[in-house]
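Peer 1: here is a sequence with its predicted model. Questions after.
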Amino acid sequence: MTASRTPTDEVEIRRAGPDDFAIVAELARTTWRAHFPGIITPAQIEYMLDRRYTPEALDRAVRDEELLFEVLRREGLPCAFAAHAATEEPDAWKLHQLYVLPDWQRHGLGGRLMAHVEHWALAHGRRRLLLTVNRRNLPAILAYQRRGFHIREEAVFDIGNGFVMDDFIMEKPLVMTPPGGADPRCMDRAGDASSAKG
């Protein structure tokens with residue numbers, strides 16, 4: 001008798017190393033160019049992509065900001081990534097970035113990545129998860145709220161070249177949940193959990 005396969009059987013989340021940074025950069029560029037027009041200007045999209053999402057910039061983020069990048073693959077294909085790290089707040093972890101390719105949104109992959117980061121934070125003794133999201137990115141805001149985040153404060157960051165990030169800082173208390181207790185479909189849109197640091 002052959003066991004049936006479910007989508008969760010096909011998903012792998014793996015830490016990204018230098019050999020994966022070109023993949024992460026391409027995931028970001030594809031997702032940003034599809035999702036962010038109308039939220040920020042095309043000029044700002046390209047400025048931020050060039051500043052953050054080259055293999056060299058990703059390597060600096062890992063080295064200088066101690067970001068952990070992880071790539072989600074489904075059936076071996078890279079579909080999404082997340083970046084997260086500790087914060088100066090001793091009981092908090094921060095999700096800096098979470099992006100899912102447009103063709104793979106609404107398949108529960110964003111929820112899988114979010115749950116993975118939440119469990120990582122708990123395993124490192126953190127009880128709160130933070131993220132920043134553009135105030136005009138309503139789909140992401142609603143998705144985060146469905147997953148238990150609330151808006152903590154507003155924040156505006158000058159990122160240079162005349163551009164700013166006009167964000168909400170969102171926060172979620174973390175509690176241990178049994179396996180399968182969270183519905184991954186609750187976070188299934190293009191995320192905007194992006195650090196406003198360069």
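Peer 2: That came through fine.
Peer 1: OK, contacts around Glu10?
Peer 2: Arg74, Glu75 (C-beta atoms under 8 Å, 6 or more residues apart in numbering). Any C-beta I mention is one placed from the backbone N, CA and C, and that applies to glycine too.
Peer 1: need the pLDDT of the residue nearest to Ala61 when sequence neighbours are not counted.
Peer 2: Nearest in space to Ala61, with sequence neighbours left out and distances taken as C-beta to C-beta, 6 or more residues apart in numbering, is Leu67 at 4.6 Å. What the model reports as pLDDT for Leu67 is 95.
Peer 1: likewise Ala196?
Peer 2: In this model, Ala196 is scored at 33, pLDDT.
Peer 1: and Gly125, its phi and psi?
Peer 2: Here is the backbone geometry of Gly125 (degrees, to the nearest 10): phi 80, psi 20.
Peer 1: tell me the contacts of it?
Peer 2: Asp91.
Peer 1: what's the answer for Tyr53, then?
Peer 2: Counted by C-beta under 8 Å, 6+ apart, Tyr53 has contacts Val24, Ala25, Ala28, Arg29, Trp32.
Peer 1: my guess is Met114 meets Val100, correct?
Peer 2: No: shown here, Met114 and Val100 do not form a contact pair, counting by C-beta atoms under 8 Å, at 10.4 Å.
Peer 1: and of the contacts of Tyr53, the nearest to Ile13?
Peer 2: Val24 (13.1 Å; C-beta to C-beta).
Peer 1: roughly how far apart are the closest one and Pro55?
Peer 2: 8 Å (C-beta to C-beta, to the nearest Å).
Peer 1: just Arg15 next, same as before
Peer 2: Applying C-beta to C-beta to Arg15 and Pro55 gives a distance of 16 Å.
Peer 1: with neighbour numbers in mind, choose between those two.
Peer 2: Each of Arg15 and Pro55 has its neighbours counted (other C-beta atoms under 10 Å); Pro55 has more, 15 against 9.
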